[in-house]
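Engineer: Sharing a sequence plus its predicted fold:
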Amino acid sequence: QVQLVESGGGLVQAGGSLRLSCAASGRTFSIYTMAWFRQAPGREREFVAGLRMRAGSTYYTDSVKGRFTISRDNAKNTVYLQMNSLKPEDTAVYYCAADITPYGGIVVVSSEYDYWGQGTQVTVSS
């Protein structure tokens, strides 16, 4: 089992920054991919960014490229999402997720992920 706990959400003005954290515990050695998803009211959960834990490769959805950065601290078993130049359309509940599938790359489909955090609210005011 893997447990994920997000933190760092909040209210920020457009153009501002936030850093989300996702602390993993339990069988963390089984994690091959960590990702961030988000879900706005009335919308489906969407992929934001992913990180292959062993290779270090990353992938971002087009709408956040150049603004968001996913990174990790292996010693702390923590993955971060640095969000800069935030826009009102970034407002959503942000979730971190873990995929224990050893093969393949970073998948963007939420159903492929095995473990989820509880979510943290990010609100960007205009």
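Structural biologist: Cool, got the structure.
Engineer: Now do the contacts for the spatially most central residue of the chain.
Structural biologist: Most central residue of the chain, judged by C-alpha distance to the mean C-alpha position with CA atoms, centre = their mean, is Trp36 at 1.9 Å. Residues in contact with Trp36 (CB atoms under 8 Å, 6 or more residues apart in numbering) are 20, 22, 47-50, 70, 79, 81, 94-97. To be clear about C-beta, it is placed using only N, CA and C from the backbone, and glycine gets the same treatment.
Engineer: what does the average pLDDT come to for the host helix or strand of it?
Structural biologist: Assigned by DSSP states H and E, Trp36 belongs to strand 33-39. Averaging pLDDT along strand 33-39 yields 98.
Engineer: my read: Thr101 touches Tyr113, true?
Structural biologist: No - using CB atoms under 8 Å, Thr101 makes no contact with Tyr113, being 9.1 Å away.
Engineer: so what sits against both of these two?
Structural biologist: Thr33, Val107.
Engineer: which one of these two has more residues nearby?
Structural biologist: Tyr113 (21 against 14; other CB atoms under 10 Å).
Engineer: Excluding chain neighbours, what is closest to Ala35?
Structural biologist: Spatially, and ignoring its direct neighbours in sequence, Ala35 is nearest to Gly50 (3.9 Å; CB to CB, 6 or more residues apart in numbering).
Engineer: partners of that neighbour in the sheet?
Structural biologist: Ala35, Tyr59 (DSSP bridges).
Engineer: which ones are touching it?
Structural biologist: Gly50 neighbours (CB under 8 Å, 6+ apart): Thr33, Met34, Ala35, Trp36, Thr58, Tyr59, Tyr60, Ile70, Ile106, Val107, Val108.
Engineer: likewise Gln39?
Structural biologist: Here Gln39 is in contact with Arg45, Glu46, Ala92, Val93, Tyr95, Gly119 (CB under 8 Å, 6+ apart).
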